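>>> Dropping a prediction and its sequence here:
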Amino acid sequence: MSSSVTVQQSQILERILSLEIVRVTERAAVSSARLRGRGDEKAADQAAVDAMRRELNKLPIHGTVVIGEGERDEAPMLFIGEEVGNRNGPKVDIAVDPLEGTTLCAKNMPGSIATMAMAEGGTLLHAPDSYMEKIAIGPGFAKGLIDLDVSPEENIYNLAKAKGVKPHEITALILDRPRHAAMIAAVRATGASVALITDGDVAGVIHTAQADLTGIDIYMGIGGAPEGVLAAAALRCIGGQMQCRLVLDTEEKRARAAKMGVKDPRKKYAIEDMVRGDCLFAATGVTDGNLLRGVKFRKDVIETETVVMRSVTGTVRVIRAEHRELSKFHLD
């Protein structure tokens, strides 16, 4: 790629960072927020998908969804392999979770967000819509401090030692799932605390990068691969360590992954393996949470709060927006 093309692509990514990528997650968040508390997860998710697809297709990019919500071309969601954008721009990889925390939105519980990441073409991990083992901590520690292949206890002890504290001063964030019962017990056996969440592990991983504010020192457990890549994109922007491994426990899953270029089904992925180039990350709150405020519907205005990050500059912007063009913004 010529230097002029590289500069042009960088400039376009910066322009997207400044406004357009924010608009994508804002629209998805508003559309799903209209269905908060209705008890219909599918409808809320579809509303976010439709809005996100519509806005992505307006962008000056030739984008390919490499991390999405399904792998079938006929899927109504933003599926893996779907092309988005107006095709008049650079080739970029897209990772999406239009509504992370569908249950949270349907029940109007805290922590639901609309989120996506964008990177230079060919630099995001191409992974199937499967489960993924994950462990993450914030910035400022020696590389390799955490490891999926050591016990939860050892990871807690190593982190406590690196922080210069006792294990009982460590808090681990873990999804509240039956599959994590042994892990939760092991963490508690060290004296460390466990903070349980019902959904939303993208935000959960991001919390480790702000431990002084969130009180979360480490994230561990098994969750969705799309959320893993999105979280890796965020940490690439703001710092931290993350290690992931796809859960490919059937021959069918391994075959699917192989078609997407996964050569080693047991490979441990660091952040740099999942997000290799310049990337952008954006998330807009749907319901109120520790990371972002949810959408607010006022009489003559809609309020949103979005965080947008870029890896090459380390820039983090929090954008609180008021949207007054209600006729254009009403998306359901």
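Happy to help now that I have it. Numbers count the residues shown, from 1 in each chain.

>>> Residues in a beta bridge with Lys296, which ones?
Glu303 (DSSP bridges).

>>> now the strands: where do they sit in the stretch 151-300 of the chain?
Secondary structure of the stretch 151-300 of the chain (DSSP state E, counting those that start in this stretch): strands at 171-175, 193-197, 218-224, 241-247, 269-270, 279-285, 296-297.

>>> What segments of the stretch 51-200 of the chain are helices?
In the stretch 51-200 of the chain, the helices defined using DSSP state H, counting those that start in this stretch lie at 102-106, 152-163, 181-189.

>>> Out of the strands of the stretch 151-300 of the chain, indicate the one that is most buried.
Highest mean neighbour count among these (mean count of other Cβ atoms under 10 Å): strand 279-285, with a mean of 28. Quick note: C-beta positions are derived from backbone N, CA and C, even for glycine.

>>> circling back to that earlier point, I'd like the strands of the stretch 151-300 of the chain laid out as JSON lines, including distance to Arg87.
Listed next are those as JSON lines, based on distance: least, Cβ to Cβ, whole Å:
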{"stretch": "strand 171-175", "distance to Arg87": "38"}
{"stretch": "strand 193-197", "distance to Arg87": "39"}
{"stretch": "strand 218-224", "distance to Arg87": "29"}
{"stretch": "strand 241-247", "distance to Arg87": "31"}
{"stretch": "strand 269-270", "distance to Arg87": "30"}
{"stretch": "strand 279-285", "distance to Arg87": "19"}
{"stretch": "strand 296-297", "distance to Arg87": "35"}
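
>>> right, and the ones you listed - which one's nearest Val96?
Among the strands of the stretch 151-300 of the chain, strand 279-285 comes nearest to Val96, with 10.5 Å by Cβ to Cβ.

>>> What helices and strands are in contact with the closest one?
Packing partners of strand 279-285 (3 or more Cβ pairs under 8 Å, 6 or more residues apart in numbering; DSSP states H and E): helix 21-33, strand 113-120, helix 225-238, strand 302-310.

>>> what lines up beside that strand in the sheet?
If you go by DSSP bridges, strand 279-285 pairs up with strand 113-120 (antiparallel), strand 302-310 (antiparallel).

>>> tell me the most buried of these?
The most buried one of those (mean count of other Cβ under 10 Å) is strand 113-120, showing a mean of 29.

>>> quick one: contacts for the residue lying closest to Glu169 once chain neighbours are set aside?
Distances taken as Cβ to Cβ, 6 or more residues apart in numbering put Ala160 closest to Glu169, at 6.9 Å, once the chain neighbours are dropped. For Ala160, the contacting residues are 166-167, 169-170, 192, by Cβ atoms under 8 Å, 6 or more residues apart in numbering.

>>> Which one of these is nearest to Leu280?
The nearest member of the contacts of Ala160 to Leu280, counting by Cβ to Cβ, is Ile170 at 31.5 Å.

>>> my read: that closest one touches Leu159, true?
Yes. If you go by Cβ atoms under 8 Å, Ile170 and Leu159 touch, sitting 6.0 Å apart.

>>> anything in contact with each of the two?
With Cβ under 8 Å, 6+ apart as the test, Ile170 and Leu159 both reach 217-218.
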